[in-house]
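S.K.: no letters, just coordinates:
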């Protein structure tokens with residue numbers, strides 16, 4: 001796996017963790033945006049062009 005993919009995957013996991021922590025403490029807007037951003041980034045990183 002290329003280093004850039006590993007780096008991006010690490011960033012997606014970190015963004016998901018941050019979003020989850022924000023939602024857990026009641027910051028639903030910011031947490032939701034972090035989770036949505038992580039989901040979008042993950043989809044862009046791993047989508048297939050069939």
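M.R.: Cool, the structure landed. For clarity, every value in this text was computed on a predicted model and none was experimentally measured.
S.K.: longest single helix anywhere in this structure?
M.R.: helix 3-24 (DSSP state H).
S.K.: can you pull the buried residues of that helix?
M.R.: 8, 12, 15, 16, 18, 19, 22, 23 (16 or more other Cβ atoms under 10 Å). Bear in mind the C-beta positions are built from the backbone N, C-alpha and C, glycine included.
S.K.: nearest to residue 42 among the residues you listed?
M.R.: Distance to residue 42, by Cβ to Cβ, is smallest for residue 12 among the buried residues of helix 3-24, at 5.1 Å.
S.K.: touching, the closest one and residue 41? I think so.
M.R.: Yes - with contact defined as Cβ atoms under 8 Å, residue 12 counts as touching residue 41 (5.3 Å).
S.K.: what's the longest helix of the chain in contact with?
M.R.: 28, 30, 31, 32, 33, 34, 35, 37, 38, 41, 42, 45 (Cβ atoms under 8 Å, 6 or more residues apart in numbering).
S.K.: okay if I get those residues as CSV plus pLDDT, secondary structure and neighbour count?
M.R.: Below are the contacts of helix 3-24 laid out as CSV (pLDDT from 0 to 100; DSSP: H, G, I helix; E, B strand; the rest coil; neighbours: other Cβ atoms under 10 Å):
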residue, pLDDT, secondary structure, neighbour count
28, 92, helix, 10
30, 93, helix, 13
31, 93, helix, 18
32, 95, helix, 13
33, 96, helix, 14
34, 95, helix, 21
35, 96, helix, 17
37, 95, helix, 15
38, 95, helix, 20
41, 91, helix, 16
42, 91, helix, 16
45, 85, helix, 13
